[in-house]
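>>> A structural model of the following input is requested.
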Amino acid sequence: MSAHVSSGLDGVIAAETRISGVDGEAGELIIAGYPLAEIAGRASFEEITYLLLYDSLPIASVLTDFSSRIASRRTLPPPIFDLLASAAKSQVAPMDALLMAAATLSLDNRSSCPNDDEAIQDSLIAALPTIVAAYYRLLQGKAPITPLPELSHAANYLAMITGEDPSEPAVRAMNTYLCTVADHGLNASTFTARVIISTRSDMISAIVGAIGALKGPLHGGAPGPVLDMLNEIGTEERAENWIRSAICDGRRLMGFGHRIYKVRDPRADVLAAAASQLYSADADRKFYSLAMHVEKTALRLLEELKPGRRLHTNVEFYTALLLHGIGLPSVLFAPTFAIGRVAGWIAHCREQQKLDRLIRPQSVYVGAHDRQWTPVELRA
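The predicted structure is shown next:
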């Protein structure tokens with residue numbers, strides 16, 4: 001039997017969704033009917049989350065109730081703090097700590113009812129920032145900060161990390177980032193979540209699986225290396241030779257090119273505007289100028305040395321710039337991505353639950369045939 005094999009499932013359409021649409025040729029990302037640029041810099045993360053979950057933007061009273069509902073679930077059960085403290089003693093990586101702690105959220109008796117899907121989703125959305133912030137402080141030898149229910153999702157996250165009131169520019173930048181990464185089609189982690197939930201497994205298992213997929217450097221790990229690249233280049237004068245050498249040596253230029261987008265990543269545009277605003281008000285202008293020079297130089301050299309490859313700035317370049325400007329260490333870049341993306345993961349899981357269809361692709365066997373059993377004592 002002949003069959004077409006699509007390595008990596010390239011070009012395979014595995015789902016219909018109303019949650020988000022990605023057009024790589026047009027450079028367009030639609031979030032529940034809204035172009036990303038229309039809402040990412042305007043809406044709160046709570047609004048984007050509600051939109052993804054319920055397919056409409058909430059009116060003011062509904063938004064207030066929803067935000068309060070999420071905020072009320074930010075506190076972690078004591079056993080999770082014990083787990084995080086033990087992980088910190090062993091210097092476990094933050095993404096591994098998040099993976100372990102998220103798997104124990106069923107210890108929260110507020111979400112222990114297996115039929116209370118809304119309580120479970122609220123706990124997941126609310127708890128991930130608390131887990132990440134608490135663990136980071138434990139790694140620094142500091143006590144975790146109690147969540148502040150009066151603060152927004154973005155502001156509370158920053159406050160729990162630093163123990164200080166975050167600046168308005170930093171909160172605005174973090175909010176824009178979380179909104180920008182909240183969903184992005186059927187990416188690896190989202191597909192993982194949908195596969196798990198399609199087996200009629202539980203929501204926590206699906207989200208833990210998604211975090212595991214996001215942990216892989218080919219999916220969620222590139223912003224850190226972008227920052228490493230910028231720091232290694234160091235000055236605008238070194239950019240030309242460094243980038244030219246990297247391209248000629250066949251090294252991947254971090255922050256440029258995307259598997260889906262053949263034009264500029266629309267998320268990069270949103271985060272570029274947010275970074276410009278942040279660095280003009282509340283961050284290191286010298287570093288920002290270096291990044292802008294590196295981007296300009298890289299795009300010129302990529303066009304010169306790799307003509308026709310259509311390698312443009314992607315979301316990871318401006319993620320690194322924005323999160324660095326906010327003051328986050330690079331070890332928190334991937335966990336912070338998860339804090340934003342969990343909204344999309346849950347929305348996709350809810351959609352898959354309604355479909356109630358097991359995801360079960362086929363494979364083509366290419367191994368040996370006609371082998372015969374030999375007892376172990378007769379094997380050569």
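
>>> quick one: Asn175 and Glu47 touch, right?
No: contact criterion C-beta atoms under 8 Å: Asn175 and Glu47 do not qualify, at 9.9 Å. C-betas here are computed from N, CA, C, even on glycine.

>>> those two: which is more packed in?
Of the pair Asn175 and Glu47, Asn175 is the one with more neighbours under other C-beta atoms under 10 Å, namely 27 against 18.

>>> so who does that one touch?
Counting by C-beta atoms under 8 Å, 6 or more residues apart in numbering, Asn175 touches Ser44, Phe45, Ser152, His153, Ala154.

>>> what of Leu36?
Neighbouring residues of Leu36 by C-beta under 8 Å, 6+ apart: Leu29, Ile30, Thr180, Pro266, Arg267, Val270.

>>> most neighbours among those residues, which one?
Going by other C-beta under 10 Å, Thr180 tops those with 30 neighbours.

>>> correct me, but that residue touches Arg341?
No: counting by C-beta under 8 Å, Thr180 does not reach Arg341; the two are 10.4 Å apart.

>>> burial count for Asp269?
The burial count for Asp269: 19, using other C-beta under 10 Å.

>>> correction: Ala273
Ala273: 15 surrounding residues under other C-beta under 10 Å.

>>> cool, Lys262 as well?
Neighbour count for Lys262, taken as other C-beta under 10 Å: 16.

>>> in this protein, where is pLDDT below threshold?
1-3, 108-115 (pLDDT under 70).

>>> closest to Glu232 among the contacts of Leu36?
Arg267 (24.4 Å; C-beta to C-beta).

>>> quick one: what helix or strand has the closest one in it?
According to DSSP states H and E, Arg267 maps onto helix 266-282.

>>> which strands or helices does that helix pack on?
Contact analysis of helix 266-282 by 3 or more C-beta pairs under 8 Å, 6 or more residues apart in numbering; DSSP states H and E lists strand 28-31, helix 36-39, helix 168-180, helix 285-305, helix 315-326 as its packing neighbours.

>>> list of residues touching it?
With contact meaning C-beta under 8 Å, 6+ apart, helix 266-282 is reached by 27-29, 35-37, 40-41, 167, 169-170, 172-173, 176-177, 180-181, 184, 285, 287-288, 312-315, 317-319, 321-322, 325-326.

>>> let's see it at 6 Å
27, 29, 36-37, 40, 167, 169, 173, 176, 180, 285, 288, 313-315, 318, 321-322, 325 (C-beta atoms under 6 Å, 6 or more residues apart in numbering).

>>> tell me which residues of it come out buried.
Residues 266-272, 274-275, 277-279, 282 are the ones in helix 266-282 that count as buried (16 or more other C-beta atoms under 10 Å).

>>> what is the nearest of the contacts of Leu36 to Ala15?
The closest of those, once distances to Ala15 are taken by C-beta to C-beta, is Ile30, at 15.2 Å.

>>> please name the bridge partners of that closest one.
Note on Ile30: beta-bridge partners by DSSP bridges are Gly21, Pro35.

>>> from Ala213, how far off is it?
23 Å (C-beta to C-beta, to the nearest Å).

>>> and for stretch 206-216, what's in contact with it?
95, 99, 102-103, 124, 188-189, 192-193, 196-197, 220, 338, 345, 349.

>>> neighbours of Pro225, how many?
18.

>>> three-state assignment of the residue nearest to it when sequence neighbours are not counted?
Leaving aside its chain neighbours, Pro225 sits nearest to Met254 (4.4 Å; criterion: C-beta to C-beta, 6 or more residues apart in numbering). Under DSSP: H, G, I helix; E, B strand; the rest coil, the three-state class of Met254 is coil.

>>> for the residue most central in space within the chain, which residues are in contact?
Residue closest to the average C-alpha location in the chain (C-alpha atoms, centre = their mean): Phe337, at 3.0 Å. Applying C-beta under 6 Å, 6+ apart to Phe337 gives the contacts Val181, Gly220.
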